[in-house]
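Novice: I would like the atomic coordinates for the input below:
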Amino acid sequence: MGALPCTTFQSVSVNIIIGGSEKKQGFRQCFLGGLRCNDFYRSSSCEKEDILSKGQRVPLLKQLSSSSHQRHQRHQKVVIAGKYPQNVDLPADLPQSKKKPFPIPVKELRRAARERQKNKKGRPRRPIGPPRNGLLVPELIPVAHKVFEARTQLVNGVAELLKVVPVHACRHCSEVHVGPIGHPFKTCKGYNHGARNSLHEWTNCFLEDIIVPVESFHLFDRLGSRLTHIERFSVERIPSVVELCIQAGLDLPQFATRRRVDPVYYFGKQMFDPNEDEAIFDMKKTESNELLKFYEPSQQSNNKLLSSEEIQNLAEQTYQAWNTMRQGTRKLMRKYGVKVCGYCPEVHVGPFGHRARLCVAYKHQQRDGRHGWQAATIDDLIPPKYVWHVPDPHGSPLRNELRRFYGQAPAVVELCVQAGAATPEEYKPMMRLDTAIPDSFQEAGKVA
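Specialist: Below you'll find the model as predicted:
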């Protein structure tokens, strides 16, 4: 008898076959009334009642019965998937003799390039859009202003919190610890660390230890000629985040930049600029007092002590500024190119890296001091500076034998949390807040 029209149960489409059978996957499966036996036993109770009410006979199958299916469901593992994992370890430090990995593997870049070339065949050439044509992206201009304001608020907030929360910095390396007492971990790699058994020598901490300064050359024209080695002293260096904001539409009177009105055109690799003969500057008049804050934090010396509520509000605002700056910078980096050296932490904001031979990393003599430019990530532009998380600042200090039970977090986040801010959800797995810390080394040895 021929096959009848198709019927669907639980997104399973089968053909109704009467008196037929099919052999599949090594066992016999019977069809009756358009329903496979396995699909019947896996269906819900409502669907079973609907099938039985139509007078359809349910065939028997020895390989999979209802009792065995229920027993199989009873022994299934229950997996609760959350937005963030339970515990997260920091990425391993790469040796200085190796180059940084590319954010996107080279094979993926080549595959995407081949796809673009394949899709271009037989189609007219599309016009180049901003910012490659020299114009600004209108949607990112307010983002650049928000990032600059968030950076200003972050610098001022961290400078105020350093007066309230005790923070220590190692005298010989870049290690920082947020807490009343420096940690006892033997992780120092500074000068003469072997004589000190890799123990840190703690001293006072400054703003630059929390917010790592990353500077780059300021470009008057981001589409102009590349910076040469001879021009390295004649071009001013400013914070990389500020340079990115300037190229995205932020206007600062101290730093002149070229704003084009007409787009540029490319003929092969040559660029034709219709604005080349005209020196066009779209500079807005703003108060210089507000724009100098990224150079100098708030110099207002408040002798009065802040209350606990004011400190908590300041910590919340500081973390929100940190989060806003990172998210806004990530949006700007999707459109405006930012390069980083694969061997050293040098960052350049622009479509192409500069030609100044300033690299002093591993085997720089073979490259004549030239940088190995590649696409930068958000951590290259805004280093998080990870520190150890202190579960209870007023409790017992950290212990060296229980080191694997402690978590870590960015220095700014740890500073805000100890000042009274709520712990962010995205950093809880990194801090290992759900890990029970043993009381002694004997208990730690019994943990699997």
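Novice: and the helix or strand hosting residue 331, how far from the chain's centre?
Specialist: Residue 331 belongs to helix 308-335 when elements are defined using DSSP states H and E. On the basis of Cα atoms, centre = their mean, to the nearest Å, helix 308-335 sits 14 Å off its chain's mean C-alpha point.
Novice: can you name the next helix or strand after it?
Specialist: strand 338-341.
Novice: now do that next one: which elements does it pack against?
Specialist: strand 347-349, strand 373-375, helix 378-381 (3 or more Cβ pairs under 8 Å, 6 or more residues apart in numbering; DSSP states H and E). Bear in mind the C-beta positions are built from the backbone N, C-alpha and C, glycine included.
Novice: can you give the strand pairings for whichever helix or strand comes after the last one, parallel or anti for each?
Specialist: Tracing the chain C-terminally past helix 378-381 and defining elements by DSSP H and E, one meets strand 386-388 next. As defined by DSSP bridges, the strand partners of strand 386-388 come to strand 408-410 (antiparallel).
Novice: give the next helix or strand downstream of the strand it pairs with.
Specialist: Next element after strand 408-410 (DSSP H and E): helix 411-418.
Novice: got the CA positions of the helix or strand just after that following helix in PDB?
Specialist: Counting by DSSP H and E, the element after helix 411-418 in chain order, helix or strand, is helix 428-431. Extracted in PDB, the C-alpha atoms of helix 428-431 (Å, rounded to 0.1, in the frame of the first residue of the first chain):
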ATOM      1  CA  LYS A 428      32.600  36.200  40.700                       C
ATOM      2  CA  PRO A 429      34.000  33.100  39.000                       C
ATOM      3  CA  MET A 430      37.400  34.700  38.900                       C
ATOM      4  CA  MET A 431      37.300  35.600  42.500                       C
END
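Novice: residues near residue 224, how many?
Specialist: 12 (other Cβ atoms under 10 Å).
Novice: look up how far residue 141 lies from it.
Specialist: 21 Å (Cβ to Cβ, to the nearest Å).
Novice: by contact count, what packs against the helix holding residue 331?
Specialist: helix 141-161, helix 240-248, helix 378-381, helix 411-418.
Novice: any idea of the angle the longest one forms with helix 240-248?
Specialist: In this case it means helix 141-161. 160 degrees (axes from the mean of the first three to the mean of the last three Cα atoms, to 10 degrees).
Novice: and helix 141-161 with helix 411-418, angle?
Specialist: 60 degrees.
Novice: what about helix 141-161, distance to the chain center?
Specialist: 19 Å.
Novice: swap in stretch 208-223?
Specialist: On Cα atoms, centre = their mean, the centre of stretch 208-223 falls 19 Å from that of its chain.
Novice: could you pull out the buried residues of that stretch?
Specialist: 209-211, 214, 216-219, 222-223 (16 or more other Cβ atoms under 10 Å).
Novice: quick one: average pLDDT of that stretch?
Specialist: Mean per-residue pLDDT for stretch 208-223: 94.
Novice: closest one to residue 313 among the helices and strands packed on strand 338-341?
Specialist: Set against residue 313 and scored by Cβ to Cβ, those come closest in helix 378-381, at 26.9 Å.
Novice: which elements pack onto the closest one?
Specialist: helix 240-248, helix 308-335, strand 338-341.
Novice: how far out from the middle of the chain is it?
Specialist: 8 Å.
Novice: who touches that helix?
Specialist: For helix 378-381, contacts defined as Cβ atoms under 8 Å, 6 or more residues apart in numbering pick out 214, 240-241, 244, 326, 329-330, 333, 338, 340, 345, 347.
Novice: again, only this time at 6 Å
Specialist: 240, 330, 340, 347 (Cβ atoms under 6 Å, 6 or more residues apart in numbering).
Novice: are any of those residues buried, and which?
Specialist: Here, 16+ other Cβ under 10 Å leaves 240, 340, 347 buried among the contacts of helix 378-381.
Novice: shouldn't the last one be in contact with residue 340?
Specialist: Yes: taking Cβ atoms under 6 Å as the definition, residue 347 is a contact partner of residue 340 at 5.2 Å.
Novice: which one of the helices and strands packed on helix 378-381 is the most hemmed in?
Specialist: helix 240-248 (a mean of 25; mean count of other Cβ atoms under 10 Å).
Novice: show me what that one packs onto, helices and strands only.
Specialist: helix 141-161, strand 347-349 (3 or more Cβ pairs under 6 Å, 6 or more residues apart in numbering; DSSP states H and E).
Novice: and that helix with helix 308-335, angle?
Specialist: 50 degrees.
Novice: where does this structure dip in pLDDT?
Specialist: Where the chain drops to pLDDT under 70, the residues are 1-84, 276-304, 448.
Novice: go again with 50.
Specialist: Low-confidence segments of the chain, defined by pLDDT under 50: 1-42, 52, 54-66, 279-295, 297-301.
Novice: just to be sure, residue 200 is in a strand?
Specialist: No: under DSSP: H, G, I helix; E, B strand; the rest coil, residue 200 falls outside any strand and is assigned coil.
Novice: so the closest residue to it other than its chain neighbours bridges to which residues?
Specialist: The spatially closest residue to residue 200, leaving aside those adjacent along the chain, is residue 170, at 4.3 Å (Cβ to Cβ, 6 or more residues apart in numbering). Assessed by DSSP bridges, residue 170 has beta-bridge partners residue 202.
Novice: quick one: neighbours of residue 170, just the number.
Specialist: Around residue 170 there are 22 residues (other Cβ under 10 Å).
Novice: measure it to residue 184 for me?
Specialist: Distance from residue 170 to residue 184, by Cβ to Cβ: 13 Å.
Novice: residue 122 too?
Specialist: On the measure of Cβ to Cβ, residue 122 and residue 184 end up 68 Å apart.
Novice: more neighbours: those two, which one.
Specialist: A count of neighbours by other Cβ under 10 Å puts residue 184 above the other of residue 122 and residue 184, at 13 against 5.
Novice: need the contact list for that one.
Specialist: residue 400.
Novice: go with 10 Å
Specialist: 199-200, 397-401, 403 (Cβ atoms under 10 Å, 6 or more residues apart in numbering).
Novice: and what of residue 401?
Specialist: Contacts of residue 401 by Cβ under 10 Å, 6+ apart are 184, 438, 440-442, 444-445.
Novice: also residue 343?
Specialist: 96-100, 359-364, 367, 370-372.
Novice: ok, which stretches of the stretch 101-250 of the chain are helices?
Specialist: 106-120, 141-161, 207-210, 240-248 (DSSP state H, counting those that start in this stretch).
Novice: now residue 236: how far from residue 248?
Specialist: 19 Å.
Novice: oh sorry, the question was meant for residue 199
Specialist: For residue 199, the distance to residue 248 - Cβ to Cβ - is 45 Å.
Novice: ditto for residue 365
Specialist: Counting by Cβ to Cβ, the gap from residue 365 to residue 248 is 37 Å.
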